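[1] Build me a model from this:
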Amino acid sequence: MSIVFGIHAVEAALKQSAIAELWLAESQRPNARLNRLLDQAKRAGVRIQHRPREALDQLVQGERHQGVVARLAAVEPAARPPDLMALIDGLDHAPLLLVLDGVTDPHNLGACLRSANAAGVDAVIVPKDKAVGLTPVVRKVACGAAETTPFYQVTNLARTLRELQQAGVWLVGAAGEAGASLYETDLRGPLALMLGSEGKGLRRLTREHCDLLVKIPMAGAVESLNVSVATGICLFEALRQRSAR
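    Coordinates of the predicted model:
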């Protein structure tokens with residue numbers, strides 16, 4: 001069973017017609033945001049049930065749910081994102097992709113998805129193994145981005161990277177020891193920005209597929225940034241360059 005929780009995340013899923021059933025905590029106090037959500041759910045014909053708060057707590061495993069949990073409907077094949085290469089071929093602009101190599105913290109992935117959506121990323125790509133997918137926590141932290149940003153979990157990341165290169169996409173990896181600066185690198189063409197896991201960064205094989213490694217210049221005493229922070233910096237530098245006249 002796939003669930004999503006928290007008012008904002010449930011609202012986003014509801015807009016995508018992805019909610020099968022909505023559960024409210026029996027002790028939940030009404031407020032304007034909750035009433036708006038309930039009105040939307042009723043108009044969409046979603047079944048609404050009241051459950052003990054303890055039952056909802058158990059469903060979300062200790063995360064904060066704001067008294068609102070929803071069961072997601074099964075995704076119809078037609079509603080799934082198209083094949084990655086077909087998506088790229090169908091774009092009318094140079095693709096901007098985000099590749100996350102081995103991010104395991106759902107809060108980090110959710111924050112990365114939120115930044116990716118805000119920066120206009122065309123697709124987010126992650127490996128299936130040793131990486132987090134679209135869990136309920138990810139969906140909540142992403143605040144709607146998980147329902148609207150094409151998300152691809154690939155079995156063989158190295159093969160996907162080769163296919164992207166063959167399609168003319170430039171692979172730029174972030175690494176603290178790189179010689180090139182992010183801010184001095186041209187990020188305006190077909191681009192996949194690649195960032196690694198929270199502790200180890202990009203894996204060796206992933207690095208070997210990069211056309212270029214870049215670093216975020218650091219002016220203080222800290223040597224590295226959280227992956228979600230680094231992702232936001234890299235993506236918005238790319239967006240800045242692409243938006244400049």
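
[2] who's in contact with the most centrally placed residue in the chain?
    Residue closest to the mean C-alpha point of the chain, counted by C-alpha atoms, centre = their mean, is residue 113 at 2.4 Å. The contact partners of residue 113, by C-beta atoms under 8 Å, 6 or more residues apart in numbering, come to 124, 138, 141, 142, 145, 146, 149, 151. (Glycine included, C-beta is placed from N, CA and C.)

[3] Could you pull out the buried residues of the helix or strand it falls within?
    Using DSSP states H and E, residue 113 maps to helix 106-118. For helix 106-118, burial by neighbour count (16 or more other C-beta atoms under 10 Å) applies to 106, 107, 108, 109, 110, 111, 112, 113, 114, 115, 116, 117.

[4] in the protein, which segments are predicted with low confidence?
    The chain contains residues with pLDDT under 70 at 1, 17, 74-81, 245.

[5] so where do the helices sit in it?
    7-15, 32-43, 53-60, 84-89, 106-118, 136-142, 145-148, 157-166, 204-209, 227-243 (DSSP state H).

[6] what sits against residue 111?
    141, 142, 228, 231, 232.

[7] go on, residue 116?
    98, 124, 145, 149, 231, 235.

[8] try residue 141
    Residue 141 makes contact with 106, 107, 109, 110, 111, 113, 114, according to C-beta under 8 Å, 6+ apart.

[9] how far away is the closest residue to it other than its chain neighbours from residue 176?
    Once flanking residues are discounted, residue 141 sits nearest to residue 110: 2.6 Å by C-beta to C-beta, 6 or more residues apart in numbering. Separation of residue 110 from residue 176 (C-beta to C-beta, to the nearest Å): 24 Å.

[10] would CSV of the contacts of residue 113 with distance to residue 211 be doable?
    CSV is the format used below for these (distance: C-beta to C-beta, whole Å):
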residue, distance to residue 211
124, 19
138, 29
141, 31
142, 29
145, 27
146, 29
149, 24
151, 24
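
[11] what's the closest of these to residue 64?
    Using C-beta to C-beta, residue 141 is the member of the contacts of residue 113 that lies nearest residue 64, at 10.8 Å.
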